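> following is a predicted model, sequence given first.
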Amino acid sequence: MTDPTDTRDTGPRVGTPLWAFLAGVTVIGFTALVVAMLRLDAAGLVELARTPLFWALSVLVILGELRPVMVSSAASVGGTYPSTMFTFAVLLHFGLPVAVLMQAVAVAMNGVVTRKAWHRVMFNIAQSTLALTAAAVVLGVFGIAPSPAVPWVPDGSDLPAIALAGVAYFVTRAALVCGAVALHERRSITRVFKVTVVPQSLVYVGLLGLAPLVVVAMEHSPGMVPLFVAPLAAVYFTATLSMRRDHQALHDELTGLPNRKMLIVSTEEALAEARQDERVGLFLLDLDRFKEVNDTMGHPVGDRLLQMVAHRLTHSVRPGDVVARLGGDEFAVLLPSIRDAHAAREVAARLRAALTEPVRLEGMTFDVDGSVGIALYPDHAPDFELLLQRADVAMYLAKEGRSGVELYQPDKDRNSPERLNLLGDLRRAIDSRELRLHFQPKVSLGTGAVQGVEALLRWRHPVHGMIPPSEFVPLAEQSYLMRPLTAYVIEAALEQAARWWHTGLQVQISVNISARDLLDSALPEQLEVGLAASGLPPGAIQLEVTERILTGDQAYTQETIKALAALGVPLALDDFGTGYSSLIRLQRLAVSEVKIDASFVRRIAESEDDYRIVRSIVDLVRSLGLRSVAEGVESDEVAMRLDEMGCDMGQGWLFGRPMPAADATVWLREHTGAGPGIEYGYQPEVSRSA
Ligand code: C2E
Ligand code: MG
Ligand code: MG
């Protein structure tokens, strides 16, 4: 993928510390190279060039240069090259000048083949020359100075000298590379050392440790030398595989960006390193019209768009800043050090500008837009979790106000410290599965037959005990936690449905979702994948949305509702009567069931007004061809009157309370196929004739 905003391969700006460092190392390294060349025994080299061994080694070094074991994708320099094994062997056997020459030619050829920027190639030649020189100096101290004319073959007693030379080689290389990375990403060198050198050192032990054996083979049977490719390949593939695994666990597959886990690690690192006079910035970004592209053009195009966006974002920030994908079309950006709020806003505006640049895909042009929320450490929050929460509050302000970029403002945050603590606990509860689903039956008022169950969340907090959903669901609704919460509920409901359906209990489970969930295009996708994975028909699940979604901005939710309808998952309108929906809106919304709010239902036995209200709702629902469900049915009398007025179904304590899965299973076994009305005090047949 090419993008005109790609600036990664341009050299550092003249005069910057990174420039000075790279230039300094390059000059010193090339000086060392020239000095080594002056000491090159030309006649010896010509002699050497006549042997097949020399050419075999050259080929091995060049091949070994082509594919480094990359420790960090972020490091633009560095990586461990398999060629090390052979260049180090050449150093031991034929001396520094030959080793340096071979290495320099190989690096240059690699640079041409992989089209690296020339400043990088120069730096790599310089740093490997210096590393070999350091090793040669150590060998010199031990009186070891080989040359093509007088090759050296070590024996067991030379191992300490070789080990020290190996250490000198490794330390020089690591220091130079880490120095460049640290300056490039503006991180502390010790940190960079820790994350890159520790995994690299093992690979180096494997590569350098084999070098003396290569020398022995070179001396006694040069024809055997290519056999070293086998252990080399083993080291290479094992190292690459384990690095790739580490990488996968911490990165998003689609975009290659760091994932949430990695973002947490990086943020915590940044918070620990933060300097007094600087801030750490955490941005949350959400694309505004991604869903439309995804739905109209299909997932492959949606995926490409996300990759494009990821690419643009990474190229709109400085090296060392972290762009992560949290899921769906939600991205986060971490700025480990930023001067102040003003500077943070500037970066955010730049990120947004990069997004609003039209995207060309499949010969079409798409306008994408995004909202950015900013939270700063230490001004707004002391840790990752809170920073993210506050960036989320800011992002919603940016969305609501259509301003594009907002900084967190405490006075616009409706979360009190207690609520925030609870949010933190809820996050952990979702991860640790402290949340459980209970199931409440829904029965036909006419026949008493079970029509389905509603999944209701229960949270047993380790300290505060049972917390009702009416307390924590609205809290989650105002935060980024709604997405994982609903994802969790759907997953658990699908699991339970699969268990029931596969044991012959074909009962529909209704899941409550919030209006915010309908802004999320990931919802239909999760359902589609989940249903397919558990082998369930779409009708095994129903979604309940509250009437409030009718009053919100429907343009955004309509897409998701359409996707759900296409999937075949039915929709119910919950708590009907509490909002002020108009008839026409109800008709336009593709629901198949309307649940009348318990506050009206409960009073129909006492109040004529409430009776009339419920009756007219039932009539209205029927005239639209939909089913009506009365919520909160607690008494026989209420059930009777509902049946009388033609309400289809009832749900409430009279029939059954919300129960844990095991109890619900027993209840369902007892009540499916049972005759009408026997188990509940109320008798439908009697009510008919009454
Ligand atoms: P809802 O969807 O209207 O659920 C019905 C509520 O009425 C449940 O309260 C249920 O326990 C209660 N109920 C059922 N029968 C009776 C009865 O005969 N008498 C009385 N007094 N109450 C009855 P619950 O479980 O406390 O849930 C409250 C609300 O929290 C739910 O209202 C729903 O809006 C929300 N909620 C629950 N679970 C979830 C969930 O997984 N996701 C989302 N987004 N919201 C949920
Ligand atoms: Mg409900
Ligand atoms: Mg309800």
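Alright, I've got the coordinates. Ligands and ions are numbered 1, 2, ... in the order given.
> any weak-confidence spans in the stretch 501-650 of the chain?
Along the stretch 501-650 of the chain, the model assigns pLDDT under 70 to residues 548-557, 579-588.
> secondary structure class of the closest residue to A566 other than its chain neighbours, three-state.
Nearest residue to A566 in three dimensions, chain neighbours excluded: P524, at 7.9 Å (Cβ to Cβ, 6 or more residues apart in numbering). Backbone N, C-alpha and C define where each C-beta goes, glycine included. On the three-state scheme (DSSP: H, G, I helix; E, B strand; the rest coil), P524 is labelled helix.
> surely P524 and L567 touch.
Yes: in this structure P524 lies within contact range of L567 using Cβ atoms under 8 Å: 5.6 Å.
> quick one, which of the two is more surrounded?
Between P524 and L567, P524 has the larger neighbour count (other Cβ atoms under 10 Å), namely 22 against 15.
> now that one: how far from G568?
Computed with Cβ to Cβ, to the nearest Å, the distance linking P524 and G568 is 11 Å.
> same question for A661.
25 Å.
> more crowded one of the two?
Comparing A661 with G568 by other Cβ under 10 Å, the one with more neighbours is A661, at 17 against 13.
> so who does that one touch?
Residues in contact with A661, defined by Cβ atoms under 8 Å, 6 or more residues apart in numbering, are 437-439, 496, 499.
> looking at those, which are in helices?
Using DSSP state H, the members of these that fall in helices are 496, 499.
> among the contacts of A661, the buried ones, what's the PyMOL command?
A single PyMOL command selects the buried members of the contacts of A661 (16 or more other Cβ atoms under 10 Å):
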select buried, resi 437+438+439+496
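> host element of the one residue in the stretch 351-500 of the chain that gets nearest to ligand 3?
Relative to ligand 3, the nearest point of the stretch 351-500 of the chain is E454 (8.4 Å; Cβ to the ion). Secondary structure from DSSP states H and E places E454 in strand 450-461.
> contact residues of the stretch 451-600 of the chain facing ligand 3?
574-575 (Cβ under 5 Å from the ion).
> tell me where the stretch 451-600 of the chain has strands.
All strands of the stretch 451-600 of the chain, identified by DSSP state E, counting those that start in this stretch, fall at 465-467, 509-512, 541-546, 571-576, 593-596.
> so which of those strands comes closest to A398?
Closest of those to A398 is strand 541-546, at 25.1 Å (criterion: Cβ to Cβ).
> contact partners for the residue nearest the centre of the chain?
With distances taken as Cα atoms, centre = their mean, N259 lies nearest the centre of the chain, 2.8 Å away. The contact partners of N259, taken as Cβ under 8 Å, 6+ apart, are 250-252, 324-326.
> among these, which lie within strands?
Among the contacts of N259, the members falling in strands (DSSP state E) are 324-326.
> is it possible to get CSV of those residues that adds distance to A56, neighbour count and pLDDT?
Output for these, formatted as CSV (distance: Cβ to Cβ, whole Å; neighbours: other Cβ atoms under 10 Å; pLDDT from 0 to 100):
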residue, distance to A56, neighbour count, pLDDT
A324, 46, 26, 96
R325, 46, 25, 94
L326, 51, 20, 89
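> nearest to ligand 3, of these?
Lowest distance from ligand 3 to the ones in strands among the contacts of N259 (Cβ to the ion) belongs to L326, with 30.7 Å.
> from what I can see the closest one touches A332, true?
Yes: between L326 and A332 there is a contact under Cβ under 8 Å: 5.5 Å.
> so for these two, which residues contact both of them?
Residues touching both L326 and A332 (Cβ under 8 Å, 6+ apart) are 263, 284.
> max pairwise distance over the contacts of A661: which two?
By the measure Cβ to Cβ, H438 and R499 form the most distant pair in these, at 15.1 Å.
> still on that earlier bit, for the residue nearest to the centre of the chain, give me the pLDDT.
Looking at N259, its pLDDT is 91.
> okay, it and S266: tell me how far apart.
Distance from N259 to S266, counting by Cβ to Cβ: 11 Å.
> any shared contact partners between these two?
Taking Cβ under 8 Å, 6+ apart as the criterion, N259 and S266 both touch A324.
> still on that earlier bit, joint contacts of P524 and G568?
Shared contacts of P524 and G568 (Cβ under 8 Å, 6+ apart): none.
> for the biggest helix by length in the chain, packing partners?
The residue-count maximum for a helix in the chain (DSSP H) belongs to helix 159-185. The helices and strands touching helix 159-185, judged by 3 or more Cβ pairs under 8 Å, 6 or more residues apart in numbering; DSSP states H and E, are helix 17-38, helix 84-94, helix 118-141, helix 189-192, helix 198-220.
> helix or strand right after the host helix or strand of A343?
For A343, the enclosing helix or strand under DSSP H and E is helix 341-356. Next along the chain after helix 341-356, taking DSSP H and E as the criterion, comes strand 359-361.
> quick one on the thing from earlier: chain center to the helix holding A343: distance?
Once both centres are worked out by Cα atoms, centre = their mean, to the nearest Å, helix 341-356 turns out to sit 22 Å from its chain's centre.
> run through who's touching it.
With Cβ under 8 Å, 6+ apart, helix 341-356 has contacts from 5, 279, 281, 283, 285, 287, 309, 312-313, 315-317, 333, 335, 338, 367-372, 374, 376, 379, 404-405, 407.
> which among these end up buried?
279, 281, 283, 285, 287, 309, 312-313, 316-317, 333, 335, 338, 368, 370-372, 374, 376, 379, 404-405, 407.
> touching ligand 1 at all, stretch 481-492?
Yes: residues of stretch 481-492 contacting ligand 1 under Cβ under 6 Å from any ligand atom: V489.
> quick one: low-confidence parts of this structure?
1-10, 70-78, 415, 548-557, 579-588, 673-690.
> what's the domain layout of it?
17-250, 260-412, 418-671 (automatic domain parsing).
> what residues are bridge-paired with M659?
Here M659 sits in beta bridges with F439, going by DSSP bridges.
> what about it, how many neighbours?
Residues within reach of M659, counting by other Cβ under 10 Å, total 18.
> alright, I will stop here.
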